[in-house]
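**Student:** I would like the atomic coordinates for the input below:
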Amino acid sequence: MPYHLHFGEADPLRIRFAISPLWETHCAVRVLARPRQQGYHLPWLRRIAEAARGVDLAPLHLLMPLHGHSPDFLYPPPIRPAADFHEEVAAVRATDPALAADDFARALAETPGAAGTAHGRRMLADPAGSLHWLADLLERAWEALIAPDWPRLRALLEADVAYHSRRLAEGGLERLLTELHPAFGWSEETATLTVDYHGEHVRALRGQGLVLMPSVFTWPDVVSGFDPPWQPTVAYPARGIGGLWTEARERTPDALARLLGRARADVLCALDEPAGTSALAHRLGLAASSVSAHLSVLRAAGLLTSRRYGHQVLYERTPLGIALAVSQPDAD
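**Tutor:** Here you go, the predicted model:
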């Protein structure tokens, strides 16, 4: 059964994008328990395997039923467009224990026997203490699973936001929503966003607008259904995750490297999605000053364009740059 989000007159003016490191941590924990979601993330899984074994994720997995309610307070919609993880987890610690108790009971009821486990009994008996226990566990999961790769993940998510913000400006709300994911449907007649997902959820936005949240680890699903008091939110798979864990240098054709020079060709080929200087430098293992110089040359040659997004300048390939970057390697 789908979710239905009903827009009022003011809601299209209050759509915003946001990025949440806490949400990525939650989804990464879920991926570890869901083999179906692991296809794009095998290099990451191999890299974090040892660190993940050092964190007891069982209590969090207990609150992640395959279908049904998960506690919204543990992974609330982002406070602002680019929240800091520690800021977000502080909000988790500040949750009203009564709200947490209700969320624990609803989530544990989704999995037969979950409420009777030692972890389940602890959550139900001591919601206030369990808040801090689980927040501590989320911090350990963040440090083990996400923090080492956060610059790479954040760059991809910011590129997605930049792309879709431009699509919203160019084509309007209907074009944006129908392009975000095949599960999205838009009814102009009723001003309703329909999300084809498990469960039934109907919510009128009532002037709160909608948070659109790209996610690396949500793939292949979209997630919605945040209940009041949380702002209506939809998380969707970010663009470009197919090449997220592939090292950029592995994708550079030798012919292009001979033409442009290895480092400059690597920079061009790394721009599958728009990115800034710092993100490219981190991805390629080069000094930011060197990457900046290569970007300037590539832009002057008509291979890149640039635009400002927030605090940074994002670069992306022109049609000519795309043609060069996807050129085939030399035949033997």
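**Student:** So which residues of this structure form helices?
**Tutor:** Using DSSP state H, the helices of the chain run over 21-32, 42-53, 58-62, 85-93, 97-109, 118-125, 127-141, 150-180, 254-260, 262-270, 277-284, 288-300, 319-325.
**Student:** so where's the stretch 51-200 of the chain uncertain?
**Tutor:** The model of the stretch 51-200 of the chain has pLDDT under 70 over residues 198-199.
**Student:** if you set the cut-off to 90 instead, what comes out?
**Tutor:** Applying pLDDT under 90 to the stretch 51-200 of the chain picks out residues 64-83, 110-112, 148-149, 151-189, 192-200.
**Student:** middle-most residue in this protein, spatially?
**Tutor:** Nearest to the geometric centre of the chain sits Ser215, at 1.6 Å (CA atoms, centre = their mean).
**Student:** sorry, back to before: tell me which of the helices of the chain is the most buried.
**Tutor:** Most buried of these by mean neighbour count (mean count of other CB atoms under 10 Å) is helix 21-32; its value is a mean of 24. In this view, the C-beta of every residue, glycine as well, is placed from N, C-alpha and C.
**Student:** how far does that helix sit from the chain's center?
**Tutor:** Offset of helix 21-32 from its chain centre (CA atoms, centre = their mean, to the nearest Å): 9 Å.
**Student:** Likewise for stretch 220-227?
**Tutor:** Remark: stretch 220-227 is offset 12 Å from the chain centroid, using CA atoms, centre = their mean.
**Student:** Using CSV, write down the CA coordinates of that stretch.
**Tutor:** What follows is stretch 220-227 as a C-alpha-only set of coordinates in CSV (Å, rounded to 0.1, in the frame of the first residue of the first chain):
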residue,chain,number,x,y,z
PRO,A,220,17.0,0.5,-3.6
ASP,A,221,14.1,1.8,-1.4
VAL,A,222,12.5,5.1,-0.7
VAL,A,223,11.5,5.7,2.9
SER,A,224,8.7,8.0,4.2
GLY,A,225,6.1,7.8,6.9
PHE,A,226,7.6,10.0,9.6
ASP,A,227,4.8,10.7,12.1
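**Student:** now what about that stretch, what contacts it?
**Tutor:** Under the contact criterion CB atoms under 8 Å, 6 or more residues apart in numbering, stretch 220-227 has outside partners 3, 5, 36-37, 72, 76-77, 181, 183-184, 195, 197, 199, 201, 215, 232-237.
**Student:** hmm, back to that, quick check: which of the helices of the chain is nearest to Glu189?
**Tutor:** Among the helices of the chain, the nearest to Glu189 by CB to CB is helix 150-180 (11.5 Å).
**Student:** could you check the angle helix 85-93 makes with the closest one?
**Tutor:** Put simply, helix 150-180 runs at 70 degrees to helix 85-93, going by axes from the mean of the first three to the mean of the last three CA atoms, to 10 degrees.
**Student:** Next, the angle helix 21-32 makes with helix 150-180.
**Tutor:** Per the same axes, to 10 degrees, the angle that helix 150-180 makes with helix 21-32 is 80 degrees.
**Student:** Remind me what helix 150-180 packs against, helices and strands.
**Tutor:** Here helix 150-180 touches strand 15-17, helix 21-32, strand 184-187, strand 210-215, helix 277-284, strand 304-309, strand 312-317, going by 3 or more CB pairs under 8 Å, 6 or more residues apart in numbering; DSSP states H and E.
**Student:** can you redo those as CSV with distance to Arg53?
**Tutor:** Below are those laid out as CSV (distance: least, CB to CB, whole Å):
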stretch, distance to Arg53
strand 15-17, 35
helix 21-32, 10
strand 184-187, 37
strand 210-215, 24
helix 277-284, 26
strand 304-309, 38
strand 312-317, 36
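**Student:** Would you mind listing the buried residues in stretch 12-21?
**Tutor:** 12, 15-21 (16 or more other CB atoms under 10 Å).
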